[in-house]
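**Q** Give me the fold of what follows.
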Amino acid sequence: MPEDLLQPPAETATPEAATPATRPPEVPEKFWDAASGTLRTEALLKSYLELERRMSQRTGRPGPDAAPEELQRFRQAMGIPETPEDYSITAPHDLCCADPEVNGKLHAAHFSHEQAQLVYDLAAQKLLPLIAEAAAEYEADRQRAALVAHFGGEEAYRRIAGQLAAWGRAKLPPTVYAALASTAEGVMALEQMMRGQEPGLARESAPPGAESESELRALMRDPRYWRSRDPQFIQRVTDGFRRLVGNAG
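**A** Next comes the predicted model:
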């Protein structure tokens, strides 16, 4: 309906003043404006930035010129021991025991207990197999060099090696042949057998207490056999295999 312009305008009711909102219980008083019933956003933001600054100072990596107190706070927060000697390392292998020099470097780099232990665990898991493989290759090369020298050169060794392999596979049990062919002394013993330099070998009987094949293979893993090269120990293993071959014949 069109408005009657000849009539005076109706009076507008004055709205009642709004009541300020009540502060929620989880909001601290210092962040609440009671007059307006709203958050004091500037105070809240300022407090947050100050808290963030303090937390970064507490957990940030100290610089080289950091005060001892700051360094101590950082270590406590990150689980880093006070000294390298305080690392509690569980050796994952006999060759990966705790090393003072390594621990010193880990401590200087701010490694925690868990991180330091992980270094040793990874060394045992990744490096030890490589070391064992390299050691085996080195020992094989050393044994081969001894055979080349024994037979008078590379060409002569290759020639006799083929003969020994053919004879050994034909005459010996596979496990005995494999054991003899794995060391220089075993190959030399194999040569003596093939050339008939052991008269009556097939008729020899094993003396009381003679080692079995598994025992002889265990002796070959003894450091006296492959590391110190004890002549008497090596002879014991060689003689043991000779007796086994004689019994098999």
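
**Q** Name the residues of the biggest helix by length in the chain that are buried.
**A** Of all the segments of type helix in the chain, defined by DSSP state H, the longest one is helix 128-151. By 16 or more other Cβ atoms under 10 Å, the buried positions in helix 128-151 come out as 143, 146-148, 151. In this view, the C-beta of every residue, glycine as well, is placed from N, C-alpha and C.

**Q** mind giving me the domain split of the protein?
**A** Domain assignment for the chain, taken from the TED database, gives 82-151, 152-198.

**Q** taking those together, which one is wrapped up most tightly?
**A** Compared across those, domain 152-198 shows the largest average neighbour count, a mean of 16 (mean count of other Cβ atoms under 10 Å).

**Q** any chance you could map the helices in this structure?
**A** 41-59, 68-78, 100-108, 113-122, 128-151, 154-171, 174-180, 184-194, 213-220, 223-226, 231-248.

**Q** Please compute how far stretch 41-48 lies from its chain's middle.
**A** Computed by Cα atoms, centre = their mean, to the nearest Å, the separation of stretch 41-48 from the middle of its chain amounts to 48 Å.

**Q** ok, and what's touching that stretch?
**A** Contacting residues not belonging to stretch 41-48 are listed as 30-31 [Cβ atoms under 8 Å, 6 or more residues apart in numbering].

**Q** List the buried residues for it?
**A** Buried residues in stretch 41-48 (16+ other Cβ under 10 Å): none.

**Q** what is the mean pLDDT for that stretch?
**A** Averaging pLDDT along stretch 41-48 gives 80.

**Q** picking up where we left off before, export the longest helix of the chain as PDB, just CAs?
**A** Below are the C-alpha coordinates for helix 128-151, written out as PDB (Å, rounded to 0.1, in the frame of the first residue of the first chain):
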ATOM      1  CA  LEU A 128      79.400 -56.100   8.200                       C
ATOM      2  CA  PRO A 129      78.100 -58.100   5.200                       C
ATOM      3  CA  LEU A 130      80.300 -55.900   2.900                       C
ATOM      4  CA  ILE A 131      83.300 -56.400   5.100                       C
ATOM      5  CA  ALA A 132      82.800 -60.100   5.300                       C
ATOM      6  CA  GLU A 133      82.400 -60.300   1.500                       C
ATOM      7  CA  ALA A 134      85.600 -58.200   1.000                       C
ATOM      8  CA  ALA A 135      87.500 -60.400   3.500                       C
ATOM      9  CA  ALA A 136      86.400 -63.500   1.700                       C
ATOM     10  CA  GLU A 137      87.500 -62.100  -1.700                       C
ATOM     11  CA  TYR A 138      90.800 -61.100  -0.200                       C
ATOM     12  CA  GLU A 139      91.400 -64.500   1.300                       C
ATOM     13  CA  ALA A 140      90.400 -66.200  -2.000                       C
ATOM     14  CA  ASP A 141      92.900 -64.000  -3.900                       C
ATOM     15  CA  ARG A 142      95.600 -64.800  -1.400                       C
ATOM     16  CA  GLN A 143      95.000 -68.500  -1.600                       C
ATOM     17  CA  ARG A 144      95.000 -68.400  -5.400                       C
ATOM     18  CA  ALA A 145      98.300 -66.400  -5.400                       C
ATOM     19  CA  ALA A 146      99.800 -69.200  -3.200                       C
ATOM     20  CA  LEU A 147      98.700 -71.800  -5.600                       C
ATOM     21  CA  VAL A 148     100.000 -69.900  -8.600                       C
ATOM     22  CA  ALA A 149     103.400 -69.600  -6.900                       C
ATOM     23  CA  HIS A 150     103.300 -73.300  -5.900                       C
ATOM     24  CA  PHE A 151     102.600 -74.600  -9.400                       C
END
